[in-house]
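Trainee: Coordinates for the following, if possible.
(one chain, ligands or ions: 1)
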Amino acid sequence: MKHPFRIFLLTCFLLAIAGSKAEVQSQTNCDRAYPDACIPSPPPYLHCKDIPYRNFRVLPPDPHRFDRDGDGIGCETNRRR
Ligand SMILES: [Ca+2]
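Mentor: Coordinates of the predicted model:
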């Protein structure tokens, strides 16, 4: 009767691995609004000071509002006025 218990343990082990992998994938989910940078979708909502990227492309709908002036570039370091 050892075998069924081992299979049970192995199944639990594999399920635990699959669960942790799914968690990592959701944490590294990159929002498609920011193709130049890997920024996860909100929530939580992020500000430019929360991310290491500057002057990256922003596509609609810009969920984090990194491109408030709407020129398609997020978190500009050199604003032309
Ligand atoms: Ca902008």
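
Trainee: Not including adjacent chain positions, what is the nearest residue to the residue nearest the centre of the chain?
Mentor: Centroid check for the chain by Cα atoms, centre = their mean gives Pro40 as the closest residue, at 2.6 Å. Leaving aside its sequence neighbours, Pro40 sits nearest to Asn29 (Cβ to Cβ, 6 or more residues apart in numbering; 5.3 Å). All C-beta spots, glycine's among them, are computed from the backbone N, C-alpha and C.

Trainee: thought the one you found was touching Pro42?
Mentor: No - taking contacts as Cβ atoms under 8 Å, Asn29 lies outside contact range of Pro42: 11.0 Å.

Trainee: After the helix or strand containing Ile7, which helix or strand is next?
Mentor: Using DSSP states H and E, Ile7 sits in helix 2-27. Per DSSP H and E, helix 2-27 leads on to strand 56-57 as the next helix or strand towards the C-terminus.

Trainee: Listing partners with orientation, what would you give for that next one?
Mentor: Sheet pairing of strand 56-57 (DSSP bridges) gives strand 73-74 (antiparallel).

Trainee: what's next to the strand it pairs with, contact-wise?
Mentor: Outside strand 73-74, the residues within contact range by Cβ atoms under 8 Å, 6 or more residues apart in numbering are 34, 37, 48, 53, 55-58, 62, 66-67.
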